[in-house]
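S.K.: Provide a 3D model corresponding to the input given below.
(one chain, ligands or ions: 2)
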Amino acid sequence: MIVAQVSDTHVMTGGRLAYKVVDTASHLQRCIAHILALKQRPDAVVMTGDLTDGGKPEEYALLRELIAPLTMPVYLMPGNHDDRDALRAAFPGHAYLGQFPPFIQYAIEEHALRIVAIDTVIPRAAGGELCEQRLAWLASALAAQPQRPTLLLMHHPPFVTWIGHMDDIGLADAQPLARIVAQHPQVERVLCGHLHRSIQVRFAGTIACTAPSTAHQVSLDLARDAAPTFAMEPPGYLLHAWSATTGVVTHTAVVGEFAGPYSFGPH
Ligand SMILES: [Fe+2]
Ligand SMILES: [Fe+2]
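M.R.: Ligands and ions are numbered 1, 2, ... in the order given. You can find the predicted model right below:
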């Protein structure tokens, strides 16, 4: 099974540019084309938040259009730029979005890898949190299927990234989550967005990571007082390949025009 993780698409309508620079809709279009052109087509796509830039109904309508070419199931979740109600309203066919209202938390059972998503959003705030209600749901969701390898999805990463301005708008308290995850070794990965960079860390006995954005990347500056800037580094997404024998193997896909492929054969 292969799962593509697409993150921080920040879709805007009418050709508007995020931060007056980034044509996020065109970036997503190129990412979708890249996924469809992969030699091994993913079995599912997960989108780990900041689906739209402004949480507006028309942005979700455009998102729906942009992802329509995908032939495999797509699982959506909100980030701090999203609006839960507008997201649900735009995707009435995505019944899983209503598993645990008012939050968007869900468990998807129909794949070899179990997908469990939790909602870190605080409406109208940049940072994230997991309240007792959301944590209790997660604990019981994980306890229900302890034998099934599981991808745990959340927008705000539960770890310090060293990029100071992003840590300032990170997850409020990761400890209660860490205690739950540590009790569930079936959690193969904790897959996050929000950072617009690829970052990995050991977390509660598993691996937590963040995905690059399909559009703009947060500048690589590991300072507490790093300037809050972004750069148009090559955008990308993650591919998580799983089999019972290999476990989850994560690759980073880069979207862009690059020379090659060239043969390694005799020259
Ligand atoms: Fe984002
Ligand atoms: Fe975010």
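
S.K.: where does pLDDT dip in the stretch 1-150 of the chain?
M.R.: For the stretch 1-150 of the chain, no stretch has pLDDT under 70.

S.K.: near ligand 1, which residues of it?
M.R.: For the stretch 1-150 of the chain, the residues in contact with ligand 1 (Cβ under 5 Å from the ion) are 8, 50. Any C-beta I mention is one placed from the backbone N, CA and C, and that applies to glycine too.

S.K.: all strands for the stretch 1-150 of the chain, in order.
M.R.: Listed in chain order, the strands found in the stretch 1-150 of the chain under DSSP state E, counting those that start in this stretch are 2-6, 44-48, 74-77, 106-108, 114-117, 150-154.

S.K.: show me what the residue positioned nearest the centre of the chain is bridged to.
M.R.: Nearest to the geometric centre of the chain sits Thr48, at 2.2 Å (Cα atoms, centre = their mean). With DSSP bridges applied, Thr48 shows beta-bridge pairing to Met77.

S.K.: and it, what does it touch?
M.R.: Residues near Thr48 by Cβ atoms under 8 Å, 6 or more residues apart in numbering: 5-8, 77, 79, 153-155, 191-193, 211.

S.K.: do the same with Ala223
M.R.: With Cβ under 8 Å, 6+ apart, Ala223 has these contacts: 162-164.

S.K.: most neighbours among those, which one?
M.R.: Ile163 (22 neighbours; other Cβ atoms under 10 Å).

S.K.: wait, Phe159 touches Phe203, no?
M.R.: Yes: contact between Phe159 and Phe203 holds when scored by Cβ atoms under 8 Å: they sit 5.8 Å apart.

S.K.: picking up where we left off before, got the strands of the stretch 1-150 of the chain as CSV, with distance to Ile207 columns?
M.R.: Below are these laid out as CSV (distance: least, Cβ to Cβ, whole Å):
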stretch, distance to Ile207
strand 2-6, 13
strand 44-48, 15
strand 74-77, 19
strand 106-108, 20
strand 114-117, 15
strand 150-154, 11
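
S.K.: between the ones you listed, which one is nearest to Ala227?
M.R.: Closest of these to Ala227 is strand 44-48, at 25.0 Å (criterion: Cβ to Cβ).

S.K.: close to ligand 2, is the closest one?
M.R.: No: contact of strand 44-48 with ligand 2 (Cβ under 5 Å from the ion) is absent, the minimum separation being 9.3 Å.

S.K.: off-centre distance for that strand?
M.R.: How far strand 44-48 lies from its chain's middle: 7 Å, per Cα atoms, centre = their mean, to the nearest Å.

S.K.: what do you get for stretch 161-176?
M.R.: The answer for stretch 161-176 is 16 Å, by Cα atoms, centre = their mean.

S.K.: now what about it, what contacts it?
M.R.: Counting by Cβ under 8 Å, 6+ apart, 80, 120, 126-130, 135, 154, 156-160, 177, 194-195, 197, 199, 210, 218-228 sit against stretch 161-176.

S.K.: 7 Å instead?
M.R.: For stretch 161-176, contacts defined as Cβ atoms under 7 Å, 6 or more residues apart in numbering pick out 120, 126-130, 135, 156-160, 195, 199, 218, 221-226, 228.

S.K.: quick check: mean pLDDT across it?
M.R.: Mean pLDDT, stretch 161-176: 98.

S.K.: same question for stretch 199-207.
M.R.: The model assigns stretch 199-207 a mean pLDDT of 98.

S.K.: so which residues of the stretch 101-250 of the chain form helices?
M.R.: According to DSSP state H, counting those that start in this stretch, the stretch 101-250 of the chain carries its helices in the segments 132-144, 164-167, 175-182.
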